[in-house]
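Novice: predicted coordinates and the sequence they were generated for:
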Amino acid sequence: MFEEITNAVVETTASCNLNCRHCGSNCVKNTKANELTAKEWLLVFDQLRGLGLKQLTLSGGETTIKDDFPQLLDGLQEKNIGFALITNGLTMTDNLAKRLKDAGARTLGVSVDGNSAIHNYIRGNNRSWLMALNAIATAKAAGLRVAAITTVSRLNYAILPELAKLLHKVGASGWQVQLVSPIGRAKDNSELAIDEKIFREICLALIKLRNIYQSCLDIRAADCFGYDCTLLRGPGWPGCTAGKQTIGIDACGNVLPCLSLMDERFILGNIRQKTLKEIWRQDNGIMRLFRDDKICQAAGICKNCQKYSWCQGGCKSMALAHFDKFGQAPFCCIRSLFN
Ligand code: SF4
Ligand code: SF4
Ligand code: SF4
């Protein structure tokens, strides 16, 4: 049981060329001391492959500004490891898009948070919106599949229809919508916070947009929306897979059940000290917290929910960000739409 890691999201660097108001990882320009090198990451990827890896996502920070990013791409290509990469788009050029394609990028995720005014305000950079749209078009021209990623907050939830139209026009084929979470810098920016009423409006807007764009833009609500709502994301959400099939690894090699759970309490070990297999197969209190569905008691809106035994209160990262414990969801699409 839980022998395989099928989904890994890795923070290749914590360094970023933006300083966004909603950044959950508090990323800044200067790289953390002691980050894993490309050579070390490639050894980690070998281990992941040995443990059953199917989906590798390179995240940050901004991966493309990592000092030895070219070596990372060379290694991925040599090893024939397909990957998805998330970027804010600032560094995209024709050459980089072609290099990503040759190296085996399956999908490029580009962050777009609104129209020009809203995106640039959130991202704190007046050129960032144009650069993001340019990145989508450039990557598409190079033959990459491009999905936009939007962090939806109080500042942009009302323009989701405008955004769908824009993303379709610039050539995105997918659109992942995720909720702002009160962690990192977003915690100190209360102007971003959503409430139950806004959450419901977001759900209704996404259902409508999924219908309108069903043949040309694959719109999906992210894990943070919680319980499997087919109307919002299509069928097949397996519940929270953190520590079951999913792991995250931070820029310094700390292994977490999910990269969204960046919290010292949940560090399972460090890749420089133990093998991934040793870390993954250990049976300790942290692992059991994620693997034993009987441990977390239902609370809050999940308390008497009949779906709890399967759903477990939705996304553990959202629960932690809002309540500092698991077993309850801040928002639930099923309750919001059907109760
Ligand atoms: S949200 Fe993304 S682009 Fe913005 S500072 Fe954080 S890592 Fe960088
Ligand atoms: S109320 Fe909680 S347990 Fe029930 S479906 Fe919603 S998120 Fe899941
Ligand atoms: S914590 Fe949230 S984002 Fe991470 S695997 Fe669970 S549902 Fe997905």
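Specialist: Everything's here; your move. Residues are numbered from 1 along each chain as shown. Ligands and ions are numbered 1, 2, ... in the order given.
Novice: quick check: chain neighbours aside, which residue is closest to the residue positioned nearest the centre of the chain?
Specialist: Centre of the chain computed as the mean C-alpha position; nearest residue by Cα atoms, centre = their mean is Ser260, 7.2 Å away. If you skip the residues right next to it in sequence, Ser260 has Ser317 as its closest partner in space, 3.6 Å away by Cβ to Cβ, 6 or more residues apart in numbering. C-beta here means a position set from N, CA and C on the backbone, and glycine is covered the same way.
Novice: list the contacts of that neighbour.
Specialist: Ser317 sits next to Ser181, Asp223, Cys224, Ala242, Cys258, Ser260, Leu261 when contact means Cβ atoms under 8 Å, 6 or more residues apart in numbering.
Novice: the second one reaches Cys315, doesn't it?
Specialist: Read it as Asp223. Yes - here Asp223 lies in contact with Cys315, judged by Cβ atoms under 8 Å, at a distance of 5.0 Å.
Novice: now the closest residue to Lys307 other than its chain neighbours: how far from Lys244?
Specialist: The spatially closest residue to Lys307, leaving aside those adjacent along the chain, is Tyr227, at 6.3 Å (Cβ to Cβ, 6+ apart). In this structure, Tyr227 lies at 17 Å from Lys244, with Cβ to Cβ, to the nearest Å as the measure.
Novice: list phi and psi for Ser15.
Specialist: phi -80, psi 140 (degrees, to the nearest 10).
Novice: where does pLDDT dip in the stretch 1-150 of the chain?
Specialist: In the predicted model, the stretch 1-150 of the chain carries pLDDT under 70 at residues 31-32.
Novice: those strands in it, which residues are they?
Specialist: Taking DSSP state E, counting those that start in this stretch as the criterion, the stretch 1-150 of the chain carries its strands at 7-11, 55-59, 83-87, 105-111, 145-152.
Novice: can you redo these as CSV with distance to Trp41 and mean neighbour count?
Specialist: What follows is the strands of the stretch 1-150 of the chain, written out as CSV (distance: least, Cβ to Cβ, whole Å; neighbours: other Cβ atoms under 10 Å):
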stretch, distance to Trp41, mean neighbour count
strand 7-11, 7, 23
strand 55-59, 9, 21
strand 83-87, 11, 22
strand 105-111, 15, 21
strand 145-152, 22, 24
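Novice: among the ones you listed, which is nearest ligand 3?
Specialist: Ranking those by proximity to ligand 3 (Cβ to the nearest ligand atom) places strand 7-11 first, at 7.9 Å.
Novice: related to what we said a few turns ago, secondary structure class for the residue nearest to the centre of the chain?
Specialist: State at Ser260, reduced to three classes by DSSP: H, G, I helix; E, B strand; the rest coil: coil.
Novice: pLDDT score assigned to the residue sitting furthest away from the middle of the chain?
Specialist: The outermost residue of the chain relative to its centre, with distances by Cα atoms, centre = their mean, is Asn304 at 29.4 Å. The model reports Asn304 with a pLDDT of 93.
Novice: and it, how far is that from Leu100?
Specialist: Here Asn304 is placed at a distance of 48 Å from Leu100 (Cβ to Cβ).
Novice: now swap in Gly24 and tell me
Specialist: Relative to Leu100, Gly24 is positioned 24 Å away (Cβ to Cβ).
Novice: what does Ser128 give?
Specialist: Applying Cβ to Cβ, one obtains 20 Å for the distance of Ser128 from Leu100.
Novice: circling back to that earlier point, quick check: which element contains the residue nearest to Ser260?
Specialist: Secondary structure from DSSP states H and E places Ser317 in helix 316-323.
Novice: could I get the strands of the stretch 1-150 of the chain as JSON lines with distance to ligand 2?
Specialist: Shown next, in JSON lines, are these (distance: least, Cβ to the nearest ligand atom, whole Å):
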{"stretch": "strand 7-11", "distance to ligand 2": "21"}
{"stretch": "strand 55-59", "distance to ligand 2": "24"}
{"stretch": "strand 83-87", "distance to ligand 2": "26"}
{"stretch": "strand 105-111", "distance to ligand 2": "25"}
{"stretch": "strand 145-152", "distance to ligand 2": "18"}
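Novice: I'd like these as CSV, with distance to Val28 appended.
Specialist: As requested, those are exported to CSV (distance: least, Cβ to Cβ, whole Å):
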stretch, distance to Val28
strand 7-11, 13
strand 55-59, 16
strand 83-87, 17
strand 105-111, 17
strand 145-152, 18
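Novice: so which of these comes closest to Glu201?
Specialist: In terms of Cβ to Cβ, the element of those nearest to Glu201 is strand 145-152, at 10.1 Å.
Novice: near ligand 3, which residues of this structure show up?
Specialist: Counting by Cβ under 6 Å from any ligand atom, the chain comes close to ligand 3 at Asp223, Cys240, Thr241, Ala242, Thr246, Cys258, Ser260, Leu261, Cys315, Lys316, Ser317.
Novice: list the residues that contact the third one.
Specialist: Contacts of Thr241 were listed using Cβ under 8 Å, 6+ apart, and they are Asn7, Cys258.
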